[in-house]
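Chemist: need a structure here:
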Amino acid sequence: MARKSLYMELLQDVGLPGLEVDPAYMRRRLEASVGIGVSSFAGPFVVVSLATYFLLDWTLKASLIAGTALSTTTANAGVGVVLRIPRPNPRRH
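Modeler: Here you go, the predicted model:
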């Protein structure tokens with residue numbers, strides 16, 4: 001593993017996630033890393049957006065916000081934010 005700079009070690013010590021990743025290894029495995037990253041965002045984004053739009057009858061904007069909030073890597077924080085947002089009025093058909 002490559003030696004980390006003092007700055008990176010300091011940031012890791014204060015609790016910023018992702019700093020323990022070896023950049024050289026990530027470059028060697030770029031295709032797999034990008035594929036995992038995209039699918040781990042896109043999958044939940046699509047499922048949550050469609051579920052809130054069609055099953056819960058939310059507006060498009062509200063559904064996209066919910067999809068974005070719940071598909072990020074900080075899902076625990078996203079859930080807390082979404083639960084505090086008042087439920088939008090149902091769409092008028």
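Chemist: going forward, measure contacts between C-alpha atoms and count neighbours the same way
Modeler: Will do.
Chemist: which helices and strands does the longest helix along the chain pack with?
Modeler: In the chain, with assignment by DSSP state H, the single longest helix is helix 30-50. Contacts defined by 3 or more CA pairs under 8 Å, 6 or more residues apart in numbering; DSSP states H and E place helix 30-50 against helix 60-71.
Chemist: Report the buried residues of the helix it packs on.
Modeler: 62-71 (16 or more other CA atoms under 10 Å).
Chemist: quick one on the thing from earlier: contacts for the longest helix of the chain?
Modeler: Contact with helix 30-50 is made by 26, 63-68, 70-73, as judged by CA atoms under 8 Å, 6 or more residues apart in numbering.
Chemist: swap the cut-off to 10 Å and go again
Modeler: Residues from elsewhere that reach helix 30-50, judged by CA atoms under 10 Å, 6 or more residues apart in numbering: 23-27, 51, 53-58, 60-73.
Chemist: Identify each buried residue in it, please.
Modeler: 41-42, 44-45, 48-50.
Chemist: Done for today, thanks.
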